[in-house]
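*Asks:* after the sequence you'll find the predicted model.
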Amino acid sequence: MRFSPMENPGEHPGGEQGDVTGLEDVIAELRREETVRPEWRARLEHELASLSVPDGTVVQRGHARSREESDGRTNTRGWHLRPLTAMAAALTFTVLGALGSSTVSSLLRARESGARETGAAVIPAATAATAPASPGTSNARTATVDGSNTGVRFAVQAPGVKRVSLVGDFNGWNPAATPLSLSRDGRTWTVLLPLTAGRHTYAFVIDDEIVADPAAPRSIDDDFGTPSSFVLVDHSRGTMP
Amino acid sequence: MMSCTRTRTRAHTRLLLAGVLLAVTSMAPRPSHAQATPERRTGAVIPERLQPATRAAIERLADSLEAERLPGYAVRDKAAEGALKGADDARILTAVRSLAARLRESRSLLGASAADDELVASAGALYSGVPAQGIARLAASQRQRMTRGNASAANSLSVPLTVLAELTSARVPSDVALASVDALLSRGARDVDFGAFRLAVERDIRSGRAPRDAVSTGMQSTLRAIGRPPG
C-alpha cells in the first residue's frame, strides 16, 4: 500500500493538482480488493476442519449461544426462525391468549353471577301470601314476594285490571320500568326481579293507582301519605327461609 | 453477512417473545367492571313535573350529600317517590331535607366506616323514633365485638337497624327494641335471623299480644334457633 506524504499538503510539489492525484491514489488503493494468499486460506480451512463438534449436534447460526468453557471454544447452539414463522407463532400465541382470557373471564363471570343469583333470598317480612282487599278497589288482591334462584319474585292477584307495574327505590319509582306479566290464570301478575341485598321500598301500580303490597309490611318512612311496602333481601343464604 | 443474519434472527426472536408475552398478559383474567370500579348508586332521575327551582334544590342537596360521602341517591329516590305519589313540591322538599338531615346525623352516629345502606337504615330508625344515642350505642357495641374478633360483627348493620325501626314503629318500647337487637347481634345473628325475629314479633302483636311480650317470646325462639353463645 502506498501513501502520499499528506502531513503538509500545501507544500506538495504538484500544488492542488498534485493533491488531487494523491487522493485518487489513496482511494484506488482502498478500493483494491484484498487478496488472500492461497497458503493462508489453506491453513484456515485446515484449522476449521480440525474443530470437533459434539456428537449429533448440528451447528447452526443463531442467536441462542452457550459458551462451553471447558475447551475454551465457543459452541453455538440455537434455532432458526423465519420471519413468517415467528410472526405466525406470535399471532397464534396472541389468539390463544385472547381465547383463554375470554374463557377464564366468562367462567369467573358465570361463577360470580351464579353466586349472586343462587344467593338471593327474601328475609321473611310477611306472614302470608294473602291479604285483605286493597282499599278503593273492587277486586280482592293478594300478593307474594318470594326469593328464588334468579331473583325476587313479586306477584299480585288483580283480576280484571289492564296493567300492573312495580315501582320502588330499585327503579327510580318509574311506573314504566318494571311491568308485571299476567299469568295464564288471568288473575295473577308477576315479575322476577334481581335485587341487591338490603332493604327495598316498593309498591304496585295497578291501573295507575299506587297500592302497597297487601302481604308485606308497610314502609315506615312514608312522607307522602300513600303507603309503600318493603322487602329485605339477603344474599348470604342460598335458600328461602 | 453473518452479523446481518444475527440481527435478523434476534429481531424474529424478539417478535416471538413479544407475542408470547402478549399472550401471557392477555391470559391473565381481567377484572369485571363491577370489580374494577365499585358501582355507586346514582338514584332516580328527579321528575320533570317538579318546578325547576325544586329540582335544582334537590340536585344541590344530593350533590352536597355525595360530597360528604353520604348516599345522595336516597334523596333523589325520595323525590321521585313523592312525585309519583302526587305530593306537591313543598312537601317533597320537606321530606328530602328531613332525610338529608337524618343521613348526616347517622354518619355521626355510625362513624366514618358506615356503608350507604347502613346510613339509610339508620335514617329510617331515626324516623321511626329510635333515640340517636341508642343507635350510637348499638354501633359501638358492634365495633367492640369486631375488635374482639367476632367474625359476625363484620356483617352490615343495615338489616338489624331496619328491624329496630320496624319494632319501634310497631310500638315496641325503643329500649326494649334496642336491647333485643343488641342481644341478637351479640349472638352472631344473621340477617335472616333478624327477619325471622321481626316476623315472629309482628305476628304476635297482630294476634293481640303486648309488644313487650311479643319481643320476649320472639327473642326466645330466635335465640333457640341460632343456638350460639353470646359473642
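*Replies:* Nice, I can see it. Numbering: from 1, shown residues only, chains lettered A, B, ... in the order given.
*Asks:* please tell me how far the closest residue in space to B:Pro131 that isn't next to it in sequence sits from B:Thr217.
*Replies:* With Cβ to Cβ, 6 or more residues apart in numbering or on different chains as the measure, B:Ser174 is the residue that lies nearest to B:Pro131, at 5.9 Å, once sequence neighbours are left out. Bear in mind the C-beta positions are built from the backbone N, C-alpha and C, glycine included. According to Cβ to Cβ, to the nearest Å, B:Ser174 and B:Thr217 sit 19 Å apart.
*Asks:* ok, the most centrally placed residue in chain B - contacts?
*Replies:* Centrality entry for chain B: nearest residue to the mean C-alpha point is B:Asp117, 1.6 Å, by Cα atoms, centre = their mean. B:Asp117 makes contact with A:Gly198, A:Arg199, B:Pro71, B:Ser156, B:Ser158 under the criterion Cβ atoms under 8 Å, 6 or more residues apart in numbering or on different chains.
*Asks:* part of a strand, is the second one?
*Replies:* In this case it means A:Arg199. Yes. Counting by DSSP: H, G, I helix; E, B strand; the rest coil, A:Arg199 is found in a strand.
*Asks:* ok, it touching A:Phe230?
*Replies:* Yes. With contact taken as Cβ atoms under 8 Å, A:Arg199 and A:Phe230 are classed as touching, separated by 5.6 Å.
*Asks:* okay, and B:Lys78 sits in which element?
*Replies:* Assignment of secondary structure by DSSP states H and E places B:Lys78 within helix B:73-84.
*Asks:* any residue of that helix touching chain A?
*Replies:* Yes. Using Cβ under 8 Å from any Cβ of the partner chain, helix B:73-84 reaches chain A at B:Arg76, B:Asp77, B:Lys78, B:Ala80, B:Glu81, B:Gly82, B:Ala83, B:Leu84.
*Asks:* just the CA atoms of that helix, as PDB, please.
*Replies:* Taking only C-alpha atoms (Å, rounded to 0.1, in the frame of the first residue of the first chain), the coordinates of helix B:73-84 have been written out as PDB:
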ATOM      1  CA  TYR B  73     -79.200   8.700  45.800                       C
ATOM      2  CA  ALA B  74     -81.600   8.300  48.700                       C
ATOM      3  CA  VAL B  75     -82.900  11.900  48.400                       C
ATOM      4  CA  ARG B  76     -83.300  11.500  44.600                       C
ATOM      5  CA  ASP B  77     -85.300   8.300  45.200                       C
ATOM      6  CA  LYS B  78     -87.400  10.100  47.800                       C
ATOM      7  CA  ALA B  79     -88.100  13.000  45.500                       C
ATOM      8  CA  ALA B  80     -89.100  10.500  42.700                       C
ATOM      9  CA  GLU B  81     -91.400   8.600  45.200                       C
ATOM     10  CA  GLY B  82     -93.000  11.900  46.200                       C
ATOM     11  CA  ALA B  83     -93.600  12.900  42.600                       C
ATOM     12  CA  LEU B  84     -95.200   9.600  41.700                       C
END
